[in-house]
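S.K.: Need a 3D model of the sequence below.
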Amino acid sequence: MPFFTGEHETAIGAKRRLAISAALREEQLPEDGEQFYLVLGPDKHLWLYPDGYYRRLASSMKRSLLPNRQVSKMSLFFAMARMLKPDSQGRVVLPEKSLQRAGIEKIENVTLVGKGDHIEVWPTEQWEKYLDEHMPTYEDMLYDAASALEADGMDGTDATFDK
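M.R.: Numbers count the residues shown, from 1 in each chain. Down below sits the predicted model:
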């Protein structure tokens, strides 16, 4: 499973090219693929998944010969997904429709945000606003997360340090 971290500022170029930083590409495991699937996240930001990992996630979804509402809703998710092949410099070309759906209609500065198993593409101004709104509660979020881990028996301590 990939493990993307950090925030990486870049820009969408004139030909809709987005450079995926070397630091992010180095966090991508060979078994997760070298290409990316671009999907529109629920927050209307563009999400990049390594292709092999995305295929494993997609294949784990239950299929049925009979239609059901959940599968019908998911068909839109797959219809809007796009495979992106990075060039030798790690740049991908973003489809115009995907940019429009994400509200990115002009060339602009973006921040690539590592979100564990995927990378999110945020307009830098939106990312900075998000940080400004959430940084005051960052400490509480960390303590809440630690409490949740402790409740699950995963407190992160090593027995050798408890002595």
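
S.K.: what's the helix or strand of the chain with the lowest mean pLDDT packed up against?
M.R.: Least confident helix or strand of the chain, by mean pLDDT, DSSP states H and E, is helix 69-80 with a mean of 77. Secondary-structure packing of helix 69-80 (3 or more C-beta pairs under 8 Å, 6 or more residues apart in numbering; DSSP states H and E): strand 36-40. C-beta coordinates here come from the backbone N, C-alpha and C atoms, glycine included.

S.K.: Name the strands paired with the helix or strand just after the strand it packs on and say parallel or antiparallel.
M.R.: Where DSSP states H and E defines the elements, the next helix or strand beyond strand 36-40 is strand 46-50. Here strand 46-50 is paired, per DSSP bridges, with strand 36-40 (antiparallel), strand 119-123 (antiparallel).

S.K.: Distance to Gly13 and mean pLDDT added to those, as CSV?
M.R.: Listed next are these as CSV, based on distance: least, C-beta to C-beta, whole Å; pLDDT from 0 to 100:
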stretch, distance to Gly13, mean pLDDT
strand 36-40, 16, 96
strand 119-123, 13, 96
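
S.K.: Now render those as CSV, adding distance to Tyr49.
M.R.: Output for these, formatted as CSV (distance: least, C-beta to C-beta, whole Å):
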stretch, distance to Tyr49
strand 36-40, 5
strand 119-123, 8
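
S.K.: picking up where we left off before, list the buried residues for the helix or strand following the least confident helix or strand of the chain?
M.R.: Downstream of helix 69-80, the first helix or strand assigned by DSSP H and E is strand 82-84. Residues Arg82, Leu84 are the ones in strand 82-84 that count as buried (16 or more other C-beta atoms under 10 Å).

S.K.: tell me the mean pLDDT for strand 82-84?
M.R.: Strand 82-84 shows a mean pLDDT of 97.
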